[in-house]
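Peer 1: I'll drop the sequence and a predicted model, then ask my questions.
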Amino acid sequence: MSELIKKALGEIKSKKNSVEKDYHRLDYHLMAPTGLINDPNGFSYYRGKYHLFYQWNPFECNHKTKFWGHFQSEDLVSWENKSPVLAPEDWYDKNGCYSGSAIEKDGQLILFYTGNVKDQYGNRETYQCLAVSDNGEEFQKLGPVITNQPNGYTRHFRDPKVWKDREIYYSVIGAQRDNLTGAAVLYSSNDIKNWSFLGEIKTDLENFGYMWECPDYFEINGEGVFIFSPQGIDAENDKYNNIYQSGYVLGKLDPKTVNLRHGEFSELDRGFDFYAPQTMIDKNGRRIMMAWAGLPEVDYPTENMGWLHCLTMPRELLIIDGKLVQKPVEEMKKIRKDFVEVQDLFSGKKSYPDIEGDSFEMICRLKSIDAGEVGINLRVGNNEKTVLKYDYSEKKVILDRGSSGEIFAEEYGTVRKCFLDSLEIVFHIFMDKSLIEVFINDGEEVFTARIFPDEKSSGIEFFSDGKTEISIKKWNI
Ligand code: FRU
């Protein structure tokens with residue numbers, strides 16, 4: 001084990017107790033033991049276990065020293081934090097073992113990641129590197145297999161996502177053109193060590209931000225999905241309100257022409273905290289996505305307690321009626337306890353016995369024929385509430401964290417909205433101390449948000465300005 005990895009493990013030992021004292025630590029979402037977590041990396045299934053690596057700065061809540069941390073799980077629900085596998089300590093990754101992916105080849109688990117290097121003047125070099133393992137726990141670095149970027153691109157060139165189709169390995173890589181617009185490029189290889197540049201992925205999004213990070217391409221039942229995280233998109237009404245975006249287009253990539261004929265770009269999540277998602281295919285053929293429930297340049301109060309950010313739950317991706325739909329993976333049901341159920345017809349404001357809490361799953365179905373607005377106040381306490389509602393006249397789902405607790409990141413606004421046309425609205429809510437994920441109408445839309453309410457704010461109120469049928473199912477977690 002290298003000295004730098006030993007130092008990171010020492011950091012966990014010395015700070016773990018004080019970090020874990022923070023009420024806002026999560027019960028069932030992944031966080032770093034200390035320091036900062038960002039992108040999920042190398043999401044894979046290898047030797048009977050799910051592996052999820054992550055961008056990790058063990059020492060500070062900033063983006064300076066990036067390791068690859070390592071979580072491992074048998075069921076996507078209970079995870080073990082293992083020793084970190086990559087540390088920024090070689091000439092080709094000395095300023096960060098940046099994001100990348102994993103694939104099994106000849107019984108080994110292979111990591112494909114970006115080595116970030118900066119000289120004393122801040123000039124960047126970028127290396128796409130390999131590391132291999134025979135057991136999924138200790139990795140040996142093999143060094144760079146792609147050095148710098150092809151002509152026509154700047155050194156913002158990173159985040160390889162690899163897959164295999166028939167006998168050929170492909171990788172997409174996020175890029176910035178010399179004219180400072182974002183793009184993604186495609187490489188191929190027969191042996192994963194020697195890579196050929198096939199060209200830039202041709203899309204209709206010629207001028208769509210200044211950099212595309214963390215691209216991912218895969219197919220679900222023969223339909224192609226291209227996910228990426230563009231930076232530099234201006235807000236447009238309810239869309240693109242976060243500092244950076246993450247979204248997808250549906251369309252098939254032709255590796256011969258490198259053409260991607262695709263539909264419209266849609267954001268994957270409508271909340272405040274979602275970025276750099278990565279997908280994998282599991283042993284049952286499901287396409288599963290996890291993302292960073294945070295964003296670059298957004299800080300939260302937990303940094304004063306020595307930790308920052310977390311990941312979303314694993315979500316299964318499906319294509320239904322030409323739309324990418326996200327569902328919490330089935331396995332999440334394993335941690336349900338204390339079931340409560342309510343059915344009612346109500347108007348005004350209402351609470352129900354045992355429907356409260358700060359760590360729970362709740363499915364709430366609301367249907368009204370005359371209400372203008374129906375919704376739920378969550379985490380209600382002294383002058384605090386997080387509001388989730390549906391506005392029938394505007395046909396919009398609205399999440400308001402303006403009174404959720406400690407004030408933070410106000411410069412990005414406190415309300416997120418999205419259009420949805422439906423008489424009945426189903427909010428499938430996962431509340432976890434300082435994180436909320438809401439799947440709406442069976443995963444047609446998802447809102448993810450960090451909130452920092454007081455420990456005592458655990459009330460739940462339902463409201464409607466007309467007559468509303470309500471059914472609630474709730475489990476503590
Ligand atoms: C996305 C990102 C990636 C990069 C990594 C560094 O959040 O900026 O492009 O590889 O984070 O931590």
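Peer 2: Arrived safely, thanks for sending.
Peer 1: got the domain ranges for the chain?
Peer 2: Following automatic domain parsing, the chain resolves into domains at 3-330, 336-476.
Peer 1: need the three-state assignment for the nearest residue to Y98 once chain neighbours are set aside.
Peer 2: Of all residues not flanking Y98 in the chain, T114 sits nearest, at 3.9 Å (CB to CB, 6 or more residues apart in numbering). Placement of C-beta: from N, CA and C, glycine included. Per DSSP: H, G, I helix; E, B strand; the rest coil, the secondary structure class of T114 is strand.
Peer 1: show me where this protein has its helices.
Peer 2: 3-20 (DSSP state H).
Peer 1: low pLDDT regions in it?
Peer 2: Flagging of the chain using pLDDT under 70 yields the residue ranges 408-409.
Peer 1: middle-most residue in it, spatially?
Peer 2: A291 (1.3 Å; CA atoms, centre = their mean).
Peer 1: check the gap between the residue lying closest to it once chain neighbours are set aside and the ligand for me.
Peer 2: Ranked by CB to CB, 6+ apart and with sequence neighbours excluded, the top spatial neighbour of A291 is P277, at 3.7 Å. From P277 over to the ligand the distance is 10 Å, taken as CB to the nearest ligand atom, to the nearest Å.
Peer 1: residues in contact with P277?
Peer 2: Counting by CB atoms under 8 Å, 6 or more residues apart in numbering, P277 touches 40, 214, 216, 227, 229, 246, 268, 289-292, 312.
Peer 1: let's have those residues in TSV, adding distance to the ligand.
Peer 2: Formatted as TSV, the contacts of P277 follow (distance: CB to the nearest ligand atom, whole Å):
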residue	distance to the ligand
P40	10
C214	6
D216	12
I227	13
S229	7
S246	10
L268	14
M289	15
M290	13
A291	10
W292	6
T312	14
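Peer 1: restricted to buried residues, select these in ChimeraX.
Peer 2: Buried residues within these, by 16 or more other CB atoms under 10 Å, are selected in ChimeraX with:
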select :40,214,216,227,229,246,268,289,290,291,292,312
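Peer 1: strand partners (parallel or antiparallel) of the lengthiest strand in the chain?
Peer 2: Longest strand in the chain, counting residues (DSSP state E): strand 459-476. Looking at strand 459-476 with DSSP bridges, its partner strands are strand 337-350 (antiparallel), strand 359-368 (antiparallel), strand 373-381 (antiparallel).
Peer 1: mind putting these into CSV with mean neighbour count and distance to K15?
Peer 2: What follows is the strands paired with strand 459-476, written out as CSV (neighbours: other CB atoms under 10 Å; distance: least, CB to CB, whole Å):
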stretch, mean neighbour count, distance to K15
strand 337-350, 13, 31
strand 359-368, 20, 23
strand 373-381, 23, 28
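Peer 1: turn these into TSV, columns for distance to the ligand.
Peer 2: Output for the strands paired with strand 459-476, formatted as TSV (distance: least, CB to the nearest ligand atom, whole Å):
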stretch	distance to the ligand
strand 337-350	35
strand 359-368	27
strand 373-381	28
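Peer 1: distance to K256 for these - can I get that in TSV?
Peer 2: What follows is the strands paired with strand 459-476, written out as TSV (distance: least, CB to CB, whole Å):
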stretch	distance to K256
strand 337-350	53
strand 359-368	46
strand 373-381	50
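Peer 1: right, and those strands - which one's nearest P328?
Peer 2: strand 359-368 (8.2 Å; CB to CB).
Peer 1: how about the strands in the stretch 251-400 of the chain?
Peer 2: 259-262, 266-267, 275-281, 287-292, 307-308, 315-320, 323-328, 337-350, 359-368, 373-381, 384-391, 396-400 (DSSP state E, counting those that start in this stretch).
Peer 1: which other helices and strands does the second one contact?
Peer 2: Translated: strand 266-267. Judged by 3 or more CB pairs under 8 Å, 6 or more residues apart in numbering; DSSP states H and E, the packing partners of strand 266-267 are strand 247-254.
Peer 1: strand partners of the strand it packs on, parallel vs antiparallel please.
Peer 2: Assessed with DSSP bridges, strand 247-254 is paired to strand 223-231 (antiparallel), strand 259-262 (antiparallel), strand 266-267 (antiparallel).
Peer 1: name whatever forms a beta bridge with the residue in the stretch 351-477 of the chain that the ligand sits nearest to.
Peer 2: Ranked by CB to the nearest ligand atom, the top residue of the stretch 351-477 of the chain for proximity to the ligand is T448, at 15.2 Å. Judged by DSSP bridges, the bridge partners of T448 are E437.
Peer 1: likewise for W68?
Peer 2: Under the criterion used (DSSP bridges), W68 bridges to Q55, L86.
Peer 1: state the distance from it to H309.
Peer 2: Relative to H309, W68 is positioned 16 Å away (CB to CB, to the nearest Å).
Peer 1: S229 now?
Peer 2: Distance from S229 to H309, by CB to CB: 15 Å.
Peer 1: and the residue of the stretch 301-450 of the chain nearest the ligand?
Peer 2: Counting by CB to the nearest ligand atom, the stretch 301-450 of the chain gets nearest the ligand through H309, at 10.3 Å.
Peer 1: excluding covalently adjacent residues, which one is nearest to that residue?
Peer 2: G294 (3.7 Å).
Peer 1: equivalent analysis for N476, please.
Peer 2: D338 (4.3 Å).
Peer 1: for the one you found, list the residues it contacts.
Peer 2: Here D338 is in contact with 354, 475-476 (CB under 8 Å, 6+ apart).
Peer 1: which PyMOL command selects the buried ones in those?
Peer 2: PyMOL command restricting the contacts of D338 to the buried ones, with burial defined by 16+ other CB under 10 Å:
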select buried, resi 475+476
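Peer 1: so what's the nearest residue to K49 once chain neighbours are set aside bridging to?
Peer 2: Using CB to CB, 6+ apart and skipping the chain neighbours, the partner closest in space to K49 is Q72 (5.4 Å). With DSSP bridges as the criterion, Q72 is bridged to H51, E80.
Peer 1: and Q72, how far from R286?
Peer 2: 18 Å.
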